[in-house]
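Student: return atomic coordinates for the entry below.
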Amino acid sequence: MKGVGIGGALRWQDSAATGYQLSINSDEVQVPDLSRPFFGPDELNGDVWVNYRRPILDGKVDWKIQLNVRNLIGDNDMIPVVTNPDGNVAITRNPNPQEVFLSNTFSF
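Tutor: Presented below is the predicted three-dimensional model:
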């Protein structure tokens, strides 16, 4: 189909350490044990867009209309940011929202 374009994008982030279990050091003080981390989930988000382009006004203006859907692919669960030493999640953040955009561009 002449004038039609389709595209997409994927974003991936590996799991990140959100906290550590505790160990007792030689001074009998509790310290984070860097060899025993807690990890949050990895993240995968994806976008898609479709557009249509054509000349208008006797070819004097190039018109393009585009529909974008951001975060069409992705999880809606809260994302752990900080984990207490006992393994309970202390702080979470919201996932990125799904957004829809329709835009028109006129080039002359």
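Student: and the gap between the residue lying farthest from the centre of the chain and residue 33?
Tutor: When distances to the mean C-alpha position of the chain are computed (CA atoms, centre = their mean), the maximum falls on residue 27, with 43.0 Å. Per CB to CB, to the nearest Å, residue 27 is found 15 Å from residue 33. (C-beta placed from N, C-alpha, C; glycine too.)
Student: which residues in this structure form strands?
Tutor: All strands of the chain, identified by DSSP state E, fall at 4-13, 17-24, 30-39, 43-56, 61-73, 79-83, 89-93, 99-107.
Student: hey, C-alpha coordinates of the fifth one in PDB?
Tutor: Read that as strand 61-73. Only the C-alpha atoms of strand 61-73 are listed here, as PDB (Å, rounded to 0.1, in the frame of the first residue of the first chain):
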ATOM      1  CA  VAL A  61       1.900  20.100   0.800                       C
ATOM      2  CA  ASP A  62       3.000  16.700   2.000                       C
ATOM      3  CA  TRP A  63       0.600  15.400   4.700                       C
ATOM      4  CA  LYS A  64       1.400  12.700   7.200                       C
ATOM      5  CA  ILE A  65      -0.800  11.300   9.900                       C
ATOM      6  CA  GLN A  66       0.600   8.900  12.500                       C
ATOM      7  CA  LEU A  67      -0.800   6.800  15.300                       C
ATOM      8  CA  ASN A  68       1.700   5.900  18.100                       C
ATOM      9  CA  VAL A  69       1.000   3.500  21.000                       C
ATOM     10  CA  ARG A  70       3.700   3.700  23.600                       C
ATOM     11  CA  ASN A  71       4.100   0.800  26.000                       C
ATOM     12  CA  LEU A  72       1.700  -1.500  24.100                       C
ATOM     13  CA  ILE A  73       3.900  -4.400  25.300                       C
END
